[in-house]
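*Asks:* model this:
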Amino acid sequence: MSIQRYLLIVIISVVTLASFGAALQGYKASKEKLNQIFDEEMRSFAIALINSPIKKSSTKVILHSIFAYQIWVDNELKLKSDNAPEKYITKKHQGFSDNSFLGTRWRVFVLVDDEAKVIVAQPLGQRFESVEEVLLEAILPIVYAIPLIGLLVFFAINRSLKPLHVLSTQLQRKSANDLSPVKVRDNSAELMPIQNVLNSLLERLSNAFDREKRLSGDAAHELRTPISVLKITAHNIKIAFEDDNIQRHHIDELNNNTIRMAHVIEQIIALNRTTPENFEESKARLELREILQNIITDNYEKMEFLHQTVSLEAESTSLLGDKFSLEILFDNLLKNAIKYSGRGTEIHISIEEQVNNFQIVVEDSGVGITKEHLDKVFLRFYRVKQHSETGSGLGLSIVKHIVDLHEGNIQLMTSNLGGLKVVITLPKSTKSASINE
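*Replies:* The predicted model follows:
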């Protein structure tokens, strides 16, 4: 059953039951009130009769009245209505009572004054008819109004549920590949959260599909070359083996190409693992200086091999962020500095605490990057041709992605040391993080 039909049935049922409940209550109240009025009328009529001049007469007088009444004086019937019997209507000496005579049920009132007794009676059926007439006059407009109320309720419900119908229609018309946001015109307050949640879910699904496509594209794009190189290397080793002429450079070539493929795979996995969903779930308060110290320690062997020196200038700092992605960020920056600055160079890392941000600077004394390449190095798979070293072209793209996740900013410029200077500004706490806390 649809919501519209259910609401219509429930509201009409409630209105109908409430109307008949009110009618029943009105019937009871009207009956009691009219009985009081009729009793008071009988009392007034009896008082008028007992205070009227009554003369003894041998002539029998019969008068017509809506009441049945008798006037007795000294136990002698002096006057009665044409619908009253010749004998006493009731044996009750005074007050109200219910009696039956002449085949009808009556309401009877007896008033006594000295030797005079007045008995006034009214048919109970007449009272019931009066109550029913009053109730009918009161209930008929309500009964006639129920269909009109039903029609108004139908249009009101239809109007109120129109945004829901629009939302339902949009969802029904969506295809499997349509992840565009839904929008309901004239949104009600109740539908706004539903629309926002649906659009958020659709956006997350769209981003997830895009990441999946990029992962497939990245893997296909970047792994094609090292796989081809590995095939060639394997072929060369096979020929050398057949000629019994395997040399050291064959093994070194195989090792280097394997390392390159492993690095590419790690970068692709890292890039696709640092999603907004994972980031939001794993944020915590981190010690930034400690992370940088661990990164330097992990890469120290490479720097020592290349006779490079590294320095860290930082105080103890607390940052709200994702540890995994920040480790990837700084590891990529340090590896880039080690790889591209060359032998015997200097690498300097510093952290400066500002009012609302932390500024992290990584610079080296290498050859750097020319201005024409500075704006392009954040693109996926973009490689600077001026370096003899080759990479995957994903390192700085991953760095930019992680900085964006932390709602920060990254700039590339020429260092005073002569090489590349990377300046990263990270807020102490993001808006989303503050809300979650």
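
*Asks:* Kindly list the main-chain dihedrals of Ser350?
*Replies:* Phi and psi for Ser350, reported as degrees, to the nearest 10, are phi -140, psi 150.

*Asks:* I'd like to know how far the nearest residue to it once chain neighbours are set aside sits from Val362.
*Replies:* Leaving aside its sequence neighbours, Ser350 sits nearest to Glu313 (Cβ to Cβ, 6 or more residues apart in numbering; 4.1 Å). The C-beta positions use only the backbone N, C-alpha and C, and glycine is treated the same way. Plainly put, Glu313 is 11 Å away from Val362 if you go by Cβ to Cβ, to the nearest Å.

*Asks:* between these two, what contacts are shared?
*Replies:* His348, Ile349 (Cβ atoms under 8 Å, 6 or more residues apart in numbering).

*Asks:* give the contact list for the residue nearest to Ser350.
*Replies:* Going by Cβ under 8 Å, 6+ apart, Glu313 touches His348, Ile349, Ser350, Ile351.

*Asks:* cool, Glu363 as well?
*Replies:* Ala337, Ile347, His348, Ser415, Asn416, Leu417, Gly419, Leu420, Lys421, Val422.

*Asks:* Quick one, grab the pLDDT at the fourth one.
*Replies:* pLDDT, Ser415: 85.

*Asks:* how deep is the nearest residue to Thr345 once chain neighbours are set aside tucked in, by neighbour count?
*Replies:* The shortest distance from Thr345 to any residue other than its chain neighbours is 4.7 Å, reached at Ser365 (Cβ to Cβ, 6+ apart). For Ser365, the neighbour count with other Cβ atoms under 10 Å is 21.

*Asks:* How about Ala176?
*Replies:* Ala176 is flanked by 5 other residues according to other Cβ under 10 Å.

*Asks:* Show me the residue at the heart of the chain, geometrically.
*Replies:* Geometric centre of the chain, nearest residue: Pro193, 3.6 Å, by Cα atoms, centre = their mean.

*Asks:* For it, grab phi and psi.
*Replies:* Backbone geometry at Pro193, expressed as degrees, to the nearest 10, gives phi -60, psi -40.

*Asks:* three-state assignment of Gly344?
*Replies:* Recorded secondary structure, Gly344: coil (DSSP: H, G, I helix; E, B strand; the rest coil).

*Asks:* For it, give its distance to Glu363.
*Replies:* As for Gly344, its distance to Glu363 is 16 Å (criterion: Cβ to Cβ).

*Asks:* again with Asp113
*Replies:* When Asp113 is compared with Glu363 (using Cβ to Cβ), they lie 124 Å apart.

*Asks:* Over to Ser206?
*Replies:* The gap separating Ser206 from Glu363 is 38 Å, by Cβ to Cβ.

*Asks:* Could you do Leu412 as well?
*Replies:* Distance from Leu412 to Glu363, by Cβ to Cβ: 10 Å.

*Asks:* intersection of neighbour lists for those two?
*Replies:* With Cβ under 8 Å, 6+ apart, Leu412 and Glu363 have common neighbours Leu420, Lys421, Val422.

*Asks:* Highest neighbour count among those residues?
*Replies:* Ranking those using other Cβ under 10 Å puts Leu420 first, with 25 neighbours.
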